[in-house]
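In: Quick one: sequence and predicted model below, then my questions.
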Amino acid sequence: MVFGPPQDPILYSFPSPNNLIDALASFVIKVQKDSIEKKGRFTIALSGGSLPKQLNSLIGKPGLKWDLWHVYYADERAVPLDHPDSNHKLCSDVFYSKVPIPVQNIHPIDPNYLDDLDELSDAYEQELIREFAMKDSARYPVFDLILLGMGPDGHTASLFPGHELLSEEDRWVAWIDDAPKPPPRRITLTYLVINHAARVAFVAAGAEKADTLHTVLDKPEEGLPASRVRPASPGQVFWFVDDAASSKVQYQRAQFKL
Ligand SMILES: O=C1O[C@H](COP(=O)(O)O)[C@@H](O)[C@H](O)[C@H]1O
């Protein structure tokens, strides 16, 4: 694949959180359909935090080919898979337990390496190599869709403001042991992966995200981690937000259509 300069983000703002999650569900269904038609499978990376609950609208919807989903994590905390801080546990509780994704298609971190973050991130990188380098013969993993959240400090995945991981240029998966948000030990996809995705969709709702969203979209030069998500063309970044979150944003809104 030939990658070009990034395109500007597309911002969709909805009157209510319910409108937002319905639109997000329609978007995911469409992306899944297009991806399966093109390559016979759908690769998606999920985040933790408030994101997994926003997938509720997908449950029971027609047109979903759950057996062709291959699910990874945008970031994960270095804790056992059944720990309350685990993004995998959160996704299992609120999402996987309600949809028939084959367990072998869900790719958590390897809990055998929790004591060694280098090995933990290497093992996860190997998972990506098995999915992407081996099946697609690609130089970079090209996820069909990466779903991201944004913290109040502008962090996304486990890429935090001012951290040296923001300039990681070699690894697809990197580790951090000093995350300012607990727990401190985590692994994360790097921009090398995030910025080669076919589509990245941020989901942010609520007035508490308003100031940060304004900075991310109206002042990208400040370089907050979420602003740096700019997938190389033909990749595209989308923002699915509610009007409370976008109340201070001047950036142009687009009309949501599929
Ligand atoms: O720590 C994390 O935080 C971000 C943002 O969470 P949110 O609750 O503000 O949506 C999340 O996207 C990431 O996966 C998680 O590890």
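Out: Done, it's in. Numbers count the residues shown, from 1 in each chain.
In: dump the residue contacts of Lys219.
Out: Ser227 (Cβ atoms under 8 Å, 6 or more residues apart in numbering). To be clear about C-beta, it is placed using only N, CA and C from the backbone, and glycine gets the same treatment.
In: do stretch 5-20 and the ligand meet at all?
Out: No. Counting by Cβ under 6 Å from any ligand atom, the ligand is not contacted by stretch 5-20; separation bottoms out at 12.5 Å.
In: Contact residues of the protein facing the ligand?
Out: Residues of the chain lying near the ligand (Cβ under 6 Å from any ligand atom): 47-51, 74-75, 87, 148-149, 151, 157-158, 181.
In: Among these, name the buried ones.
Out: For the residues of the chain next to the ligand, a neighbour count by 16 or more other Cβ atoms under 10 Å gives the buried set as 47-51, 74-75, 87, 148-149, 151, 157-158.
In: Which parts of the protein are helices?
Out: 17-39, 87-94, 117-128, 134-136, 191-194, 210-218 (DSSP state H).
In: Lowest average confidence across those helices, which one?
Out: The weakest mean pLDDT among the helices of the chain belongs to helix 134-136, with a mean of 73.
In: could you say what helices and strands it packs with?
Out: Using 3 or more Cβ pairs under 8 Å, 6 or more residues apart in numbering; DSSP states H and E as the contact test, no helix or strand touches helix 134-136.
In: tell me how far it is from the chain's mean position?
Out: Relative to the chain's own centre, helix 134-136 is displaced by 21 Å; criterion: Cα atoms, centre = their mean, to the nearest Å.
In: same check, this time on stretch 207-219
Out: 18 Å.
In: In it, which residues are buried?
Out: 209-210, 212-217.
In: Take it, keep the C-alpha atoms, and write them as CSV.
Out: Extracted as CSV, the C-alpha positions of stretch 207-219 are listed here (Å, rounded to 0.1, in the frame of the first residue of the first chain):
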residue,chain,number,x,y,z
ALA,A,207,-18.9,18.5,29.1
GLU,A,208,-15.8,17.3,31.0
LYS,A,209,-14.1,16.7,27.6
ALA,A,210,-15.0,20.1,26.1
ASP,A,211,-11.8,22.0,26.9
THR,A,212,-9.6,19.2,25.8
LEU,A,213,-11.5,18.6,22.6
HIS,A,214,-11.2,22.3,21.8
THR,A,215,-7.5,22.1,22.2
VAL,A,216,-7.1,18.9,20.3
LEU,A,217,-9.2,20.1,17.2
ASP,A,218,-8.7,23.9,17.2
LYS,A,219,-5.0,24.0,18.4
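In: Can you report how many residues lie near His83?
Out: Residues contacting His83 under the criterion other Cβ atoms under 10 Å number 14.
In: let's have the chain start at 45 instead
Out: Got it, the first residue is 45 from now on, which makes the last one we talked about His127.
In: which residues are in contact with stretch 219-230?
Out: Taking Cβ under 8 Å, 6+ apart as the rule, stretch 219-230 contacts 119-123, 129, 161-162, 164-165, 195, 197, 199, 202, 204, 207, 209, 231-232.
In: 10 Å instead, please
Out: For stretch 219-230, contacts defined as Cβ atoms under 10 Å, 6 or more residues apart in numbering pick out 92-93, 119-123, 127, 129-131, 153, 158-166, 168, 195-197, 199, 201-209, 218, 231-232.
In: Just want the residue of the stretch 195-302 of the chain that's nearest the ligand.
Out: Gly195 (4.2 Å; Cβ to the nearest ligand atom).
In: from what I can see Leu99 touches Cys135, true?
Out: Yes. Assessed by Cβ atoms under 10 Å, Leu99 is found in contact with Cys135 at 8.5 Å.
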